[in-house]
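J.: Build me a model from this:
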Amino acid sequence: MGNRDEFAGSICVVGPGAIGITIAARLCLAGLAPNLVARGESIGFIKRNGIRLFDLEGEHHSHVSVGRAGDFGPQDIVFLCPKSQDMPEMAKDIQPLIADHTMIVPLINGIPWWYFDGEGDRWGGFDITSVDPDHALKKLIPSRQVIGTTTMIAAERLRVGTARTIHPMHLTIGELNDHPSKRLEELAGILRRSGIDVRVASRIRDAVWTKVVRNLISNPVTAITGATLGENFGDEHLAAISQQMLHEVLPVIAAYGSKLELDPDEILESGRRLGEVKTSMLQDFERGSPLELAAICDAVIELADRRGIDLPIVRAITGIAHFKSRDRRRDVA
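T.: Sure thing, here's the model as predicted:
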C-alpha cells in the first residue's frame, strides 16, 4: 500500500447492514470504489439500485461492485460488518478475500474473539467461547492481520441497500499489541478522507470495554422495554438499572488489566443525549432477528465467571433478554 493520500488498493465491505452500507457509501464519497459482499436477493437489488445513505450531510446515492466473496480476488482492506453471531459463518465465506497482506477490520459489537490475542502469554491463550465456540474465527482469520476497532455509528438500516445515521460517525482503531504502525496511519487516513472521525487508541482494549459497557447497559434493556436511548437513560427507573449494570462490570474490566476511557457518569449522560435513537438490538428485536446477546452480554458474564465476580443485575437482564428474543422469533415465525 502506498501513501494514504494516494491509496489505490482494493477495499471490500462485507455485509450490507446499517454499518456496512454506511461505510461503503462514505468510501464511495471519497472516490475509493469499494467492493460490497452481500447475499441472496440483496445482490441483485443493489446491482440495480445501488446504495443510499442519509446522514448529516444529506442523501448519498452510489453504485458499487456487489457480489459474493468468491466474485472478488484478495483485497488490501476488508471491513467486516456483520452481526457478531454471524461472524463464524462469515469467516468461512470470506476466505477468497484474504491474502497474507490483507488488513482485516472487524466492525462488530461486544467482546471480540481476538481479545486475548496480541498480548503474548499474558493470559495463557484464553479463548472466549461465547463468541467463538468452535474456534472457527481463531482458525480462519489471522490475528496478526486484524485491526482492533470500536464503532460509534448510530446507523439504522431502512431497507435493502439503504441506511440512515443522524449523528457524527466515530471509529477507534488500534493494533492488537497496542503498538503504533504504518498500516494504522494509512487506515486512519482512508477513513478520515471518507468523512469518518478516527482515533488511534494507545490501548485498544480500553476502547473495547468502553463500547461494550455502552452496549451492555442499553441494548438488552431496550430490547426488553422498547425504549429509545433517550428514554433508557432519561427514565429514572431504567437509568437506575443501567447504572447498576455499569458499576457491576467495573471489577471485571479491572480484573483483565483494563479501564474505561470515560467516567461512568459521562457514559450514562452521553447515552441520554442520543435521544430518540433505537439501539441495534431493539431494531433486531422488532424485526424478529437474533439478538447480539452472546458478544454483548454472555461474553462479559463468561469473563466475570473466570474471575469469580458476581453480576446479578447483568445476569438477570441478560436472562430476560434471551427469553424475549426466543419468544419474539417464535412470534415472527
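
J.: give the contact list for Ser202.
T.: Contact analysis of Ser202 by C-beta atoms under 8 Å, 6 or more residues apart in numbering lists 174, 178. C-beta here means a position set from N, CA and C on the backbone, and glycine is covered the same way.

J.: Distance check, it against Leu303.
T.: Per C-beta to C-beta, to the nearest Å, Ser202 is found 22 Å from Leu303.

J.: can you pull out the strands in this structure?
T.: For the chain, applying DSSP state E gives strands covering 11-14, 35-37, 51-55, 58-62, 65-67, 77-80, 103-106, 147-152, 155-159, 162-165, 170-175, 197-200.

J.: okay, these in a markdown table with mean neighbour count and distance to Glu236 next?
T.: Below are the strands of the chain laid out as a markdown table (neighbours: other C-beta atoms under 10 Å; distance: least, C-beta to C-beta, whole Å):
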| stretch | mean neighbour count | distance to Glu236 |
| --- | --- | --- |
| strand 11-14 | 25 | 41 |
| strand 35-37 | 28 | 44 |
| strand 51-55 | 22 | 33 |
| strand 58-62 | 13 | 37 |
| strand 65-67 | 18 | 47 |
| strand 77-80 | 26 | 39 |
| strand 103-106 | 22 | 37 |
| strand 147-152 | 23 | 26 |
| strand 155-159 | 17 | 27 |
| strand 162-165 | 21 | 29 |
| strand 170-175 | 20 | 29 |
| strand 197-200 | 16 | 32 |
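
J.: With mean pLDDT as added columns, please give those in a markdown table.
T.: Converted to a markdown table, those look like this (pLDDT from 0 to 100):
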| stretch | mean pLDDT |
| --- | --- |
| strand 11-14 | 98 |
| strand 35-37 | 98 |
| strand 51-55 | 97 |
| strand 58-62 | 96 |
| strand 65-67 | 97 |
| strand 77-80 | 98 |
| strand 103-106 | 98 |
| strand 147-152 | 95 |
| strand 155-159 | 90 |
| strand 162-165 | 94 |
| strand 170-175 | 97 |
| strand 197-200 | 97 |
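
J.: Quick check: which of the ones you listed is nearest to Gly44?
T.: Closest of the strands of the chain to Gly44 is strand 65-67, at 8.9 Å (criterion: C-beta to C-beta).

J.: Just checking: what are the partner strands of the closest one?
T.: The strands beside strand 65-67 in its sheet (DSSP bridges) come out as strand 35-37 (parallel).

J.: from the chain's centre, how far out does the partner strand sit?
T.: Here strand 35-37 is found 18 Å from its chain centre; the criterion is C-alpha atoms, centre = their mean, to the nearest Å.

J.: about what we covered before: so which of the strands of the chain comes closest to Phe116?
T.: Comparing the strands of the chain by C-beta to C-beta, strand 147-152 comes nearest, at 12.0 Å.

J.: Give me the helices and strands touching that closest one, please.
T.: With contacts taken as 3 or more C-beta pairs under 8 Å, 6 or more residues apart in numbering; DSSP states H and E, strand 147-152 sits against strand 103-106, strand 170-175, helix 182-193, helix 204-216.

J.: mind redoing it with 7 Å?
T.: strand 103-106, strand 170-175, helix 204-216 (3 or more C-beta pairs under 7 Å, 6 or more residues apart in numbering; DSSP states H and E).

J.: is it true that Gly20 touches Pro82?
T.: No - Gly20 lies out of contact with Pro82 (C-beta atoms under 7 Å); the separation is 8.0 Å.

J.: and those two? which has more neighbours close in?
T.: A count of neighbours by other C-beta atoms under 10 Å puts Gly20 above the other of Gly20 and Pro82, at 25 against 22.

J.: Now do the contacts for that one.
T.: Neighbouring residues of Gly20 by C-beta atoms under 7 Å, 6 or more residues apart in numbering: 13, 81.
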